[in-house]
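S.K.: this one's structure only:
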């Protein structure tokens, strides 16, 4: 039986060499094929030995290995589709992470209608409320502390007129804001004097993009 198996494997190798000669065009490919065939021969031989003593169990093991190989092959073949489905689920479940496609990043609006995005600011992950009415990127005092700013040493000399009244901010510069495919350096910002529920991603960032567009409940940013 082993002789028959060896003959079948040899015939299969000859067929592959004739059908796909480019696959064995270099030394590394030939060595890799040899190793794989040796493992295959060992596996088949073990199955043959087991078949003599317990054919039923051997047949069951073969079926399990075939099912595992088929599952792995299907997963690899459809890996791009699975990745797309995973990204779509993340886009719906964690909207502040956004979805990157075609060198753009898109965000889904929250139930409140506002867009909240997560960006890396000098290596620290912060969440921002997108606000086209804000002149600058505005950091809440708590987020500013996360970035290493000493609130006591800041000078709150900048005055902003908002819908909630007049507020003061301390001008600062952010080395880099990274948002998906967007990496913007030396961004003008200010630290708000009063506590805020969320930092604001204002026009000192948005105006430097190629475009930002709101369509229904999605926001698209293009670097």
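M.R.: In hand now; what should we look at? Here the structure is a predicted model, which is why all the values come from computation and not from measurement.
S.K.: could you chop the chain up by domain?
M.R.: With domains defined by automatic domain parsing, the chain comprises 2-64, 95-222.
S.K.: tell me which stretches of the protein form helices.
M.R.: Remark: helices assigned in the chain by DSSP state H are 2-19, 27-53, 55-77, 79-93, 141-146, 203-206.
S.K.: ranking those helices by mean pLDDT, which is last?
M.R.: For these, mean pLDDT drops lowest on helix 79-93, to a mean of 52.
S.K.: biggest strand in the protein by residues?
M.R.: strand 165-179 (DSSP state E).
S.K.: neighbouring strands - and their directions - for it?
M.R.: strand 116-121 (antiparallel), strand 158-162 (antiparallel), strand 182-192 (antiparallel) (DSSP bridges).
S.K.: how about those strands in JSON lines, adding distance to residue 201?
M.R.: (C-beta placed from N, C-alpha, C; glycine too.) What follows is the strands paired with strand 165-179, written out as JSON lines (distance: least, C-beta to C-beta, whole Å):
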{"stretch": "strand 116-121", "distance to residue 201": "6"}
{"stretch": "strand 158-162", "distance to residue 201": "15"}
{"stretch": "strand 182-192", "distance to residue 201": "10"}
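S.K.: out of the ones you listed, which is closest to residue 108?
M.R.: Closest approach to residue 108 among the strands paired with strand 165-179 is made by strand 116-121 (9.7 Å; C-beta to C-beta).
S.K.: what's the burial count for residue 183?
M.R.: For residue 183, the count of nearby residues is 11 (other C-beta atoms under 10 Å).
S.K.: so it makes contact with residue 176?
M.R.: Yes - using C-beta atoms under 8 Å, residue 183 is in contact with residue 176, at 6.2 Å.
S.K.: who touches both of those two?
M.R.: Residues touching both residue 183 and residue 176 (C-beta atoms under 8 Å, 6 or more residues apart in numbering): there are none.
S.K.: picking up where we left off before, give me the buried positions along the longest strand of the chain.
M.R.: 167, 169, 170, 172, 174, 177, 179 (16 or more other C-beta atoms under 10 Å).
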